[in-house]
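Student: just a sequence and a predicted model for now, questions to come.
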Amino acid sequence: MRAIAAALAVCTSFLVVSIVLAQSRNSGKPLVGAASKYDPAIYGELQKAPEKARIRANPLQNDPDAVAAGAILFEQHCAECHGNSGDGSHKAPSLLVPEVQSATPGTLFWLLTNGVVRKKMPVWSKLPEPQRWQLVRYIKSLGKSALAAESPAAKP
Amino acid sequence: MTSFSRLALPGSFFLSVLSVCSPPPALAQENPYFVAYDHYLEEPGNLEIEYLSTLGTQRGGNNFHAFWAEFEYGATAWWTTEVYLDGQTTFRDSTVFTGFRWENRFRPLKREHFINPIFYVEYENKNGADKILKEGEGHDVESDFLVSNAEARKEHIHEIELKLILSSTLKGWNFTENTLAAKNLANSPWEFGYALGASRPLALKASAKRCTLCPQNFVAGAEIYGGLGDRHSFGLHDTSHYLAPVLAWNLPSGWTLRISPGFGLNDNSHRCLMRWGVSREITGFGSMVSRLLGGRK
């Protein structure tokens, strides 16, 4: 009887997973919701970066492939919470705001490495250092893209 | 085992495969270890479903195939909770469901340090036929597995297991050290064990193109683990120990494959443990459940 009960529990749990996934696919709703409201306090963690971390230069600053590689990494690890274009969701803030875009590469690298574990931002030191620097290059490039899109020359 | 549960186990595995066929993909960045743990927890809201398997040789008895499914959920960025369902087939004997485990890992420190501690608490409800060898502890030795499944499964084990995980990442390498203390709640002494691991991605920089066989998708290393006796007789005598090279392949589609041939280091150990596993990470699982239950859209 124990084996039957356990096997039933297995089946039920698997079924729940299946149903949840099927439901989410059928709903047709995007995984990431509308962009979050702007709240400067959310970015306070960036101010906590120590001076030593803040002044670190990006060793891949001149790497021509860094932004492209960072874009792939962003899509794989960050877009779920920060949105495909980095404009934020109900889970995580926008990365296009001045607080992020004016932060030094070292500050962003420090935040990626340490996460904000009390506020659901995981530690990303599991990504090797060069990959975190590639991500920093990409995040910085998002600000330039947003500015270009908003500039009068870009408008029809 | 009844014919129903014989069908239910593979059936449930088939359902799990179906369930993870097309969720949103995310590249899992999994470590390659089977026994050791590093300090990285599951991302909040993500669910990882894993199926892992161990083929073990048995001197003086029948070889076995132990298998388990893991459901690992990132409750928060500092807490990961996980449920295991275990079973095994002993060749020329039978297939049995051997129990479940509920594991929790907590990250006490807010920031990354040179050594990062993780507290691990697990409750195990299993029977004596359990053979997944998920850890080395106490005086567990190869000859314990000579008992037939019918006899072994009569023993019910309720066990609490505690671990202190100390893990570091340095120049792409991960080094981890796990110390284990386990207690069978049926008035048995505390038993001890250890696991050590080291691993590194084959490349540290990501490629600018999407690729499946890029070296950065592979993580290779080795782990060593075994028992350290119990409270009454602490030490290496009458204990088993294993050394296992490990390799993980993180596919861009979100799947991770792992393989590890393990070798017994003394006469108390199984000569060979061939392990492999497949896992899939489902991003935003918590949000899906929330939506299903009418929560935040």
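Tutor: Looks like it came in fine.
Student: quick one, what contacts B:Thr89?
Tutor: B:Phe64, B:His65, B:Ala66, B:Phe67, B:Thr95 (C-beta atoms under 8 Å, 6 or more residues apart in numbering or on different chains). For every residue, glycine as well, the C-beta is placed using N, CA and C.
Student: adding distance to A:Asp65 as columns, could you present those residues in a markdown table?
Tutor: Output for the contacts of B:Thr89, formatted as a markdown table (distance: C-beta to C-beta, whole Å):
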| residue | distance to A:Asp65 |
| --- | --- |
| B:Phe64 | 48 |
| B:His65 | 44 |
| B:Ala66 | 44 |
| B:Phe67 | 41 |
| B:Thr95 | 51 |
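Student: as TSV, those with pLDDT and neighbour count would be great.
Tutor: Putting the contacts of B:Thr89 into TSV (pLDDT from 0 to 100; neighbours: other C-beta atoms under 10 Å in any protein chain shown) gives the following:
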residue	pLDDT	neighbour count
B:Phe64	97	23
B:His65	97	16
B:Ala66	97	24
B:Phe67	97	22
B:Thr95	96	16
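Student: which residues touch stretch B:267-278?
Tutor: With C-beta under 8 Å, 6+ apart, stretch B:267-278 has contacts from B:34, B:50-59, B:133, B:141-143, B:145, B:226, B:238-242, B:244, B:255-264.
Student: out of these, which are buried?
Tutor: B:34, B:50-52, B:54-56, B:58, B:133, B:141-142, B:145, B:226, B:239-242, B:244, B:255-258, B:260, B:262, B:264 (16 or more other C-beta atoms under 10 Å in any protein chain shown).
Student: wait, B:Val246 sits on B:Glu223?
Tutor: Yes. Using C-beta atoms under 8 Å, B:Val246 makes contact with B:Glu223 at a distance of 5.8 Å.
Student: shared neighbours, these two?
Tutor: Between them, B:Val246 and B:Glu223 share the contacting residues B:Tyr33, B:Phe34, B:Gly197, B:Ser260, judged by C-beta under 8 Å, 6+ apart.
Student: end to end on stretch B:36-54, go ahead and measure it.
Tutor: 15 Å (C-alpha to C-alpha, to the nearest Å).
Student: any part of it near chain A?
Tutor: Yes. Applying C-beta under 8 Å from any C-beta of the partner chain, one finds stretch B:36-54 in contact with chain A at B:Asp38, B:His39, B:Tyr40, B:Leu41, B:Glu43, B:Pro44, B:Gly45, B:Leu47, B:Ile49.
Student: quick one: which of the contacts of stretch B:267-278 sit in strands?
Tutor: B:50-56, B:226, B:241-242, B:244, B:255-264 (DSSP state E).
Student: residues contacting A:Ala49?
Tutor: Per C-beta under 8 Å, 6+ apart, neighbours of A:Ala49: A:Gly106, A:Thr107, A:Trp110, A:Leu111.
Student: and the pLDDT for the closest residue to the first one other than its chain neighbours?
Tutor: Closest residue in space to A:Gly106, ignoring its immediate chain neighbours: A:Arg56 at 3.4 Å, by C-beta to C-beta, 6 or more residues apart in numbering or on different chains. With respect to pLDDT, A:Arg56 has a value of 95.
Student: so A:Arg56 versus chain B, what's the distance?
Tutor: Going from A:Arg56 to chain B by C-beta to the nearest C-beta, to the nearest Å gives 15 Å.
Student: and that residue, how many neighbours?
Tutor: If you count neighbours by other C-beta atoms under 10 Å in any protein chain shown, A:Arg56 ends up with 15.
Student: same thing with B:Arg210?
Tutor: Neighbours of B:Arg210 (other C-beta under 10 Å): 11.
Student: by mean pLDDT, point me to the weakest helix or strand of chain A.
Tutor: Within chain A, no helix or strand scores below helix A:2-27, which has a mean of 50 by mean pLDDT, DSSP states H and E.
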